[in-house]
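Enquirer: output the structure for:
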Amino acid sequence: MARFLKHASKKVGDVPGTAVYVGVPRDAEVTLACFEYDASQVDRRPLSAADAGVLAFDPSRTTWLNVDGVHDAEAVQRIGDELDLHPLIVEDIVHTGQRPKIEEYDAHLFVVLRMLRWSDARDEIDDEQVTFVLGPTWVVSFQERTGDVFDPVRERLLTNRGRLRKRGADYLLYALMDAVVDHYFAVLETLGERIEALGERMTEDPKRSDLDAIRWLKRELLFMRKAVWPLREVLGGMLRDESERIVEGTRPYLRDVYDHTIQIIDTVETFRDMVSGLMDVYLSSISNRMNEVMKVLTIIATIFIPLSFLAGLYGMNFAFMPELQWKYGYFAVLGVMLATGIGMLAYFKRRRWM
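Expert: Numbering: from 1, shown residues only. Predicted structure coming up:
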């Protein structure tokens, strides 16, 4: 349940806009990394939590400030005060259980996404909240911990590859969102391989452990659906609203991310249908296996019914039975039993009952 619902009860009764961290307790130090760039040059410099209250962005250049660690609510509050962020933005940044959404304030555009990666160590989807604040010439991104999917964006900034350094802060926001969405495909590929492998294994030899695997897949797909489905509303809102923060030249790229999101949602729904089908396959396989067992037992029981009759007939204790005194009576009865059994097997075979 903790993966689906964060423990927000600690905020009950607080004043709206109060920065209270809601998430996994962490001891790591909050780190900041800053990129300042224009078409001709890019400067990269690390910062510390102590620098959170003395931020200075060059208005003639585009700035990307990345903050790793929102568990330190005081540091986030200092950044919010320095950038004059709305109190509700700061509150949502440190509340890591937010659904994807977009909010436009007087001076800023606030976006919440779920950053999904595959965790080989835990063998499940790793979920992390990432929030973006778009200002006039800057973007600030907040992550729960160190490590993200933004290395391709950093590489494009450092190598001046593509349009990133030639465009403004809204295009930078698009690039960061696109990196998050593109990584969903990697998670879907892993889940798709698991579904395909499970389907092949169940077709050959379904086992009790396959039922647990189906339940696991349904849980992971439901978890991913919860993270991806609201993203359609976020991108749709960015395309519909005439926000001053998004220039017209960036909207075609946002439409491309929107198309990717629709594709991801369709794939998730397809995978959910496939997993539901696997459950039907599992139940059908178990039922067929049980039917095969019952068929074999029924054939055996049917063959032994006349044999039991013959054995019971000659097991009666009457004094005068014709075959009791016959020298070959015992062998004759055994022969009749054998012929009866073979005849019934041949009859079943001809009728294709076995």
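
Enquirer: output the longest helix belonging to the protein.
Expert: Counting by DSSP state H, the longest helix found in the chain is helix 251-313.

Enquirer: please enumerate the helices of the stretch 51-200 of the chain.
Expert: 73-83, 87-94, 151-159, 169-204 (DSSP state H, counting those that start in this stretch).

Enquirer: after the last one, next one along is what?
Expert: I take that to be helix 169-204. Where DSSP states H and E defines the elements, the next helix or strand beyond helix 169-204 is helix 208-240.

Enquirer: mind giving me the packing neighbours of that following helix?
Expert: Contact here means 3 or more CB pairs under 8 Å, 6 or more residues apart in numbering; DSSP states H and E; on that basis helix 208-240 packs against strand 101-104, strand 109-119, strand 124-134, helix 169-204, helix 251-313. Placement of C-beta: from N, CA and C, glycine included.

Enquirer: for the last one, packing partners?
Expert: So the one you mean is helix 251-313. helix 169-204, helix 208-240, helix 329-350.

Enquirer: and those helices: which comes nearest Phe35?
Expert: Among the helices and strands packed on helix 251-313, the nearest to Phe35 by CB to CB is helix 169-204 (8.8 Å).

Enquirer: who are the packing partners of that closest one?
Expert: strand 62-68, strand 109-119, strand 124-134, strand 138-143, helix 151-159, helix 208-240, helix 251-313.

Enquirer: now render those as TSV, adding mean pLDDT, distance to Thr18 and mean neighbour count.
Expert: Shown next, in TSV, are those (pLDDT from 0 to 100; distance: least, CB to CB, whole Å; neighbours: other CB atoms under 10 Å):
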stretch	mean pLDDT	distance to Thr18	mean neighbour count
strand 62-68	92	19	23
strand 109-119	93	17	20
strand 124-134	93	17	21
strand 138-143	94	17	24
helix 151-159	92	32	15
helix 208-240	89	24	17
helix 251-313	88	32	14
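
Enquirer: returning to what we had before: in JSON lines: the helices and strands packed on helix 208-240, plus distance to Leu345.
Expert: Shown next, in JSON lines, are the helices and strands packed on helix 208-240 (distance: least, CB to CB, whole Å):
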{"stretch": "strand 101-104", "distance to Leu345": "70"}
{"stretch": "strand 109-119", "distance to Leu345": "54"}
{"stretch": "strand 124-134", "distance to Leu345": "52"}
{"stretch": "helix 169-204", "distance to Leu345": "29"}
{"stretch": "helix 251-313", "distance to Leu345": "7"}
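
Enquirer: the ones you listed: which one's closest to Arg225?
Expert: helix 251-313 (5.2 Å).

Enquirer: now the angle from that closest one to helix 329-350?
Expert: Here the directions of helix 251-313 and helix 329-350 differ by 160 degrees (axes from the mean of the first three to the mean of the last three CA atoms, to 10 degrees).

Enquirer: can you add distance to Gln77 and give the helices and strands packed on helix 169-204 back as CSV?
Expert: Formatted as CSV, the helices and strands packed on helix 169-204 follow (distance: least, CB to CB, whole Å):
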stretch, distance to Gln77
strand 62-68, 12
strand 109-119, 16
strand 124-134, 14
strand 138-143, 12
helix 151-159, 27
helix 208-240, 25
helix 251-313, 30
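
Enquirer: which of the ones you listed sits closest to Pro25?
Expert: strand 124-134 (15.0 Å).

Enquirer: what's the angle from the closest one to helix 169-204?
Expert: Per the same axes, to 10 degrees, the angle that strand 124-134 makes with helix 169-204 is 170 degrees.

Enquirer: run me through the strand neighbours of strand 124-134, direction for each.
Expert: Applying DSSP bridges to the sheet, strand 124-134 is found paired with strand 109-119 (antiparallel), strand 138-143 (antiparallel).

Enquirer: in TSV: these, plus distance to Trp229.
Expert: As requested, the strands paired with strand 124-134 are exported to TSV (distance: least, CB to CB, whole Å):
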stretch	distance to Trp229
strand 109-119	10
strand 138-143	22
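
Enquirer: so which of those gets nearest Ala319?
Expert: Of all these, strand 109-119 sits nearest to Ala319, with 83.6 Å by CB to CB.

Enquirer: keeping just the C-alphas, turn that closest one into PDB.
Expert: Extracted as PDB, the C-alpha positions of strand 109-119 are listed here (Å, rounded to 0.1, in the frame of the first residue of the first chain):
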ATOM      1  CA  LEU A 109       4.600  27.200 -14.200                       C
ATOM      2  CA  PHE A 110       4.700  24.200 -11.800                       C
ATOM      3  CA  VAL A 111       4.800  20.600 -13.200                       C
ATOM      4  CA  VAL A 112       4.800  17.300 -11.200                       C
ATOM      5  CA  LEU A 113       5.800  14.000 -12.900                       C
ATOM      6  CA  ARG A 114       6.600  10.500 -11.700                       C
ATOM      7  CA  MET A 115      10.100   9.400 -12.800                       C
ATOM      8  CA  LEU A 116       9.900   5.600 -13.300                       C
ATOM      9  CA  ARG A 117      12.900   3.300 -13.700                       C
ATOM     10  CA  TRP A 118      13.400  -0.400 -13.400                       C
ATOM     11  CA  SER A 119      15.100  -1.600 -10.200                       C
END
